[in-house]
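J.: Can you look at this prediction? I've put the sequence above it.
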Amino acid sequence: MRGLEKIIGQTTIVSRLRALKNFFAEKQAPPGHILLIGPDGMGKRTIALAFAEEFGSTVKMAFGRSIERKGDLTAILTSLETREFLLIEEIGRLRQPPREILGPALEDFRIDLVIGQGAGARIHPFVLNPFTCMGTCFKETDCPLG
């Protein structure tokens, strides 16, 4: 078995993701960003990994609570390959400074790199490779990005 075929139960989400996969496959485009919401033990990580497998993509994983500084998230985002998936578990626990980086990255596939400090600091826009972010959250209200 491969991809979403591995998922037992969860028929509603599997059918929705399968429809999304077919839609994006027809357009020959990577899927948009996805937020998976549910309590612990519901298979959010497994579903995200299976969905990425449907596209033949690799997945980089991070935990929202472990990304402490902007530089931590910047390092992850700039290392993503085209059409790669980024799974951020418990995305609602992402601290404010990294959250400021994630917004433009998700919307425009761009981050602003600050070089230098003080009056001499310069901002350089950095274009990211197109990627798909899948975040997990316990409930919708836990996710400020949703």
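T.: Received the coordinates, thanks.
J.: isn't there a helix covering Thr136?
T.: No - assessed with DSSP: H, G, I helix; E, B strand; the rest coil, Thr136 is strand; it does not lie in a helix.
J.: Got the confidence number for the closest residue to it other than its chain neighbours?
T.: What sits nearest to Thr136 in space, not counting adjacent residues and going by Cβ to Cβ, 6 or more residues apart in numbering, is Lys44, at 4.2 Å. Every C-beta, even on glycine, is put in place using the N, C-alpha and C of the backbone. According to the model's per-residue confidence, Lys44 sits at a pLDDT of 92.
J.: Lys44 - how many residues pack around it?
T.: A count of nearby residues for Lys44, using other Cβ atoms under 10 Å, gives 24.
J.: and it, what is it in contact with?
T.: Lys44 makes contact with Leu36, Ile37, Gly38, Glu89, Thr136, according to Cβ atoms under 8 Å, 6 or more residues apart in numbering.
J.: Can you flag the buried ones in the residues you listed?
T.: Burial by neighbour count, judged by 16 or more other Cβ atoms under 10 Å, picks out Leu36, Ile37, Glu89, Thr136 from the contacts of Lys44.
J.: Next, give me the two most distant ones among those residues.
T.: Put simply, by Cβ to Cβ the two of the buried ones among the contacts of Lys44 set farthest apart are Ile37 and Glu89, 12.3 Å from each other.
J.: if I look at those two, which residues touch both of them?
T.: In terms of Cβ under 8 Å, 6+ apart, Ile37 and Glu89 are both contacted by the residues Lys44, Thr136.
J.: got the contact list for the longest helix belonging to the chain?
T.: Longest helix in the chain by number of residues, with DSSP state H as the criterion: helix 11-27. Residues lying outside helix 11-27 but in contact with it, judged by Cβ under 8 Å, 6+ apart, are Leu4, Ile7, Pro30, Pro31, Ile34, Leu36, Ile47, Phe51, Glu54, Phe55.
J.: Report the mean per-residue pLDDT for it.
T.: Mean pLDDT, taken over the full extent of helix 11-27, equals 89.
J.: Remind me what the helix or strand just after that helix packs against, helices and strands.
T.: Per DSSP states H and E, helix 11-27 leads on to strand 34-37 as the next helix or strand towards the C-terminus. Using 3 or more Cβ pairs under 8 Å, 6 or more residues apart in numbering; DSSP states H and E as the contact criterion, the secondary-structure elements in contact with strand 34-37 are helix 11-27, helix 44-54, strand 132-137.
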